[in-house]
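Engineer: Need the 3D shape of this:
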Amino acid sequence: MDVSTAVQQLISLIEHSNLTKQRVESLQTLKKVYDTFGKIGIEEEFLYKFIENLLISDSDVRIRNEAALMLHQNFKDKALKLMRWTLNHEESSTILSTTYKTLISILKFIEKKGDSFGKLALLQEIDLIKEKEFKIGIEILKSQSDIREFSYSELTEILINYFSLLYLKKLYFRLKYTIQDCKIVELNFMFKGLTKLPIPISNLLNLKNLSLRYNQITEIPEWISKLTSLETLNLNINNINNLPETIGSLQHLKELTLWKNELQALPASISSLNSLKILNLRLNQLNFLPEEIGNLKNLEELNLHDNKLTNLPVSFSSLKSLRILNLSWNLFTIFPNSITELPSLKILDLERNEFSNLSPLIGFVTSLEILNLCDNRLESIPETLGNLKNLRILNISRNKLEELPKSIHSLENLEELYLSDNNFKIIPHFLKKMEDRGVKIHL
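Structural biologist: Residues are numbered from 1 along each chain as shown. Model prediction:
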């Protein structure tokens with residue numbers, strides 16, 4: 001049997017068989033024949049129209065998806081308009097995924113090819129954009145410069161963002177987003193039932209704020225490193241148990257929140273997040289921090305509430321910009337002296353650990369304004385605590401204290417003092433003097 005006859009029989013099976021499996025296999029075989037023999041076995045334009053018709057009108061999802069895959073692999077130079085139409089009209093998530101991938105592949109193919117016909121096709125696609133925020137952005141761009149002079153990469157980037165938004169909006173109802181200059185800069189997937197990050201995010205290179213909280217995500221993909229414009233990443237309340245080393249590539253990241261996940265360790269590459277100011281790791285399973293964490297020179301807030309930490313790395317003392325440190329609900333038994341070398345620290349929360357005493361070195365943290373030592377096993381407080389002249393709130397309730405150091409009276413800026421649930425035998429007379437000067441004392 002010659003190639004032409006075989007092709008006609010395959011097409012006949014695709015068109016007339018009632019068996020989906022047989023139709024899919026015939027379509028896959030047709031692709032192999034075309035890959036092997038090309039125009040010798042079948043005329044290109046005829047095959048394209050045949051596959052186009054399957055994608056647009058066939059009732060079977062598997063057939064439509066196979067058609068989309070064949071267009072992706074064999075007809076990048078023809079299928080741009082068809083794929084745009086499919087993205088707008090298709091309902092199957094499987095076919096939408098294939099269509100989206102095909103569109104991105106076509107755009108990159110046109111950009112790489114770099115001929116005048118490709119640029120004209122890109123400009124025509126931009127003129128067909130209907131999304132309100134994009135249309136406004138395009139009109140602004142046109143008023144500022146001749147869009148025809150834009151580079152291939154600039155035109156492609158607009159369309160990648162546009163097609164990515166169309167795809168995501170079809171998959172996720174009431175998706176929240178922000179667009180600036182025809183680029184998606186903010187996405188919020190809160191309560192979208194995600195188990196993994198949607199692939200289109202990897203193509204949004206101008207994304208600055210990404211919220212994925214309240215989902216069921218288990219891992220962060222390696223391609224997160226592509227989002228180099230990212231400034232805030234919110235992964236609160238998921239099921240993530242580790243972070244990829246590539247997260248260290250997010251050089252502009254200022255805020256990383258991973259509250260209530262299942263992290264047991266942090267990658268060493270976290271030390272490369274040079275712009276990071278806020279790191280929230282509360283309610284995880286961390287039992288140690290990497291030595292490299294000391295390289296976060298710009299870190300201002302660190303929340304490690306409710307983990308399994310027993311100590312801090314030596315490098316912790318290098319966090320000279322740290323203002324807020326929450327180590328509450330951990331397993332510390334010995335006060336980490338590295339804390340005393342943090343000159344910017346204003347708020348220190350050590351509630352519900354297992355401290356039996358407090359290092360006299362605490363008196364060196366003179367920047368402190370709020371100190372919470374509630375719910376430990378403290379039997380004494382060092383006199384050096386009186387050196388904390390900026391302290392406004394001191395909570396030492398629910399401990400085993402029998403007496404207070406007289407130096408507490410020297411805390412001239414103190415506003416609130418919490419002392420309840422201790423073992424005081426005698427209430428110090430200086431507390432009355434502190435009350436007289438306006439300190440609220442909670443016994």
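Engineer: where does the protein dip in pLDDT?
Structural biologist: Segments of the chain classed as low confidence (criterion: pLDDT under 70) are 1, 39-41.
Engineer: ranges for the helices of the stretch 151-300 of the chain?
Structural biologist: 152-171 (DSSP state H, counting those that start in this stretch).
Engineer: those strands in it, which residues are they?
Structural biologist: When secondary structure is read from DSSP state E, counting those that start in this stretch, the stretch 151-300 of the chain shows strands at 176-180, 183-188, 209-211, 232-234, 255-257, 278-280.
Engineer: Could you list every helix and strand in contact with the third one?
Structural biologist: On a contact count with 3 or more C-beta pairs under 8 Å, 6 or more residues apart in numbering; DSSP states H and E, strand 209-211 meets strand 183-188, strand 232-234. C-beta: built from backbone N, CA, C; applies to glycine.
Engineer: Distance to Ile104 and mean neighbour count for the ones you listed - can I get that in TSV?
Structural biologist: Supplementary listing: the helices and strands packed on strand 209-211 in TSV, determined by distance: least, C-beta to C-beta, whole Å; neighbours: other C-beta atoms under 10 Å:
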stretch	distance to Ile104	mean neighbour count
strand 183-188	14	20
strand 232-234	23	19
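Engineer: now the ones you listed as CSV including distance to Lys76?
Structural biologist: Written out in CSV, the entries for the helices and strands packed on strand 209-211 read as follows (distance: least, C-beta to C-beta, whole Å):
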stretch, distance to Lys76
strand 183-188, 24
strand 232-234, 33
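Engineer: Among the ones you listed, single out whichever gets nearest to Asn74.
Structural biologist: Comparison of these against Asn74 by C-beta to C-beta identifies strand 183-188 as nearest, at 30.2 Å.
Engineer: how does the protein divide into domains?
Structural biologist: The chain resolves into domains spanning 3-163, 323-443 when parsed by automatic domain parsing.
Engineer: what about the longest one, how long is it end to end?
Structural biologist: Using C-alpha to C-alpha, to the nearest Å, the gap from the first to the last residue of domain 3-163 comes to 38 Å.
Engineer: just the helices in the stretch 1-150 of the chain please.
Structural biologist: Assigned by DSSP H, counting those that start in this stretch, the helices in the stretch 1-150 of the chain fall at 3-16, 20-37, 44-57, 61-74, 80-89, 93-113, 116-127, 132-144.
Engineer: Could you say which one of those comes nearest to Asn287?
Structural biologist: In terms of C-beta to C-beta, the element of the helices of the stretch 1-150 of the chain nearest to Asn287 is helix 93-113, at 39.1 Å.
Engineer: From the chain's centroid, how far away is the closest one?
Structural biologist: The chain centre lies 24 Å from the centre of helix 93-113; the measure is C-alpha atoms, centre = their mean, to the nearest Å.
Engineer: Repeat that for stretch 32-42.
Structural biologist: From the chain centre to the centre of stretch 32-42 is a distance of 45 Å (C-alpha atoms, centre = their mean).
Engineer: just stretch 332-342 next, same as before
Structural biologist: Computed by C-alpha atoms, centre = their mean, the chain-centroid distance of stretch 332-342 equals 31 Å.
Engineer: And it, what's buried?
Structural biologist: Neighbour-count burial for stretch 332-342 flags Phe332, Phe335, Pro336, Ser338, Ile339, Thr340, Leu342 (criterion: 16 or more other C-beta atoms under 10 Å).
Engineer: coming back round to it: now the domains of the chain in CSV, with distance to Ile240?
Structural biologist: Compiled in CSV, the domains of the chain are given as follows (distance: least, C-beta to C-beta, whole Å):
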stretch, distance to Ile240
domain 3-163, 23
domain 323-443, 20
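Engineer: Could you point out which of those sits nearest Ala268?
Structural biologist: Using C-beta to C-beta and comparing those, the one that lies nearest Ala268 is domain 323-443, at 18.5 Å.
Engineer: if I look at Thr340, how far off is Leu197?
Structural biologist: Computed as C-beta to C-beta, to the nearest Å, the Thr340 to Leu197 distance reads 40 Å.
Engineer: same question, Gly294
Structural biologist: Distance, Gly294 to Leu197, using C-beta to C-beta: 29 Å.
Engineer: cool, Leu159 as well?
Structural biologist: Following C-beta to C-beta, the distance that separates Leu159 from Leu197 is 22 Å.
Engineer: Repeat that for Asp77.
Structural biologist: Between Asp77 and Leu197 the computed distance is 31 Å (C-beta to C-beta).
Engineer: higher neighbour count, those two?
Structural biologist: The residue with more neighbours, out of Asp77 and Leu197 and counting by other C-beta atoms under 10 Å, is Leu197; that gives 19 against 14.
Engineer: Please name the residues that touch that one.
Structural biologist: Under the criterion of C-beta atoms under 8 Å, 6 or more residues apart in numbering, the contact partners of Leu197 comprise Leu212, Ile217, Ile220, Pro221, Ile224.
Engineer: Take the helices of the stretch 1-150 of the chain and write them to JSON lines, including distance to Ser229.
Structural biologist: Supplementary listing: these in JSON lines, determined by distance: least, C-beta to C-beta, whole Å:
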{"stretch": "helix 3-16", "distance to Ser229": "45"}
{"stretch": "helix 20-37", "distance to Ser229": "38"}
{"stretch": "helix 44-57", "distance to Ser229": "35"}
{"stretch": "helix 61-74", "distance to Ser229": "28"}
{"stretch": "helix 80-89", "distance to Ser229": "25"}
{"stretch": "helix 93-113", "distance to Ser229": "18"}
{"stretch": "helix 116-127", "distance to Ser229": "22"}
{"stretch": "helix 132-144", "distance to Ser229": "17"}
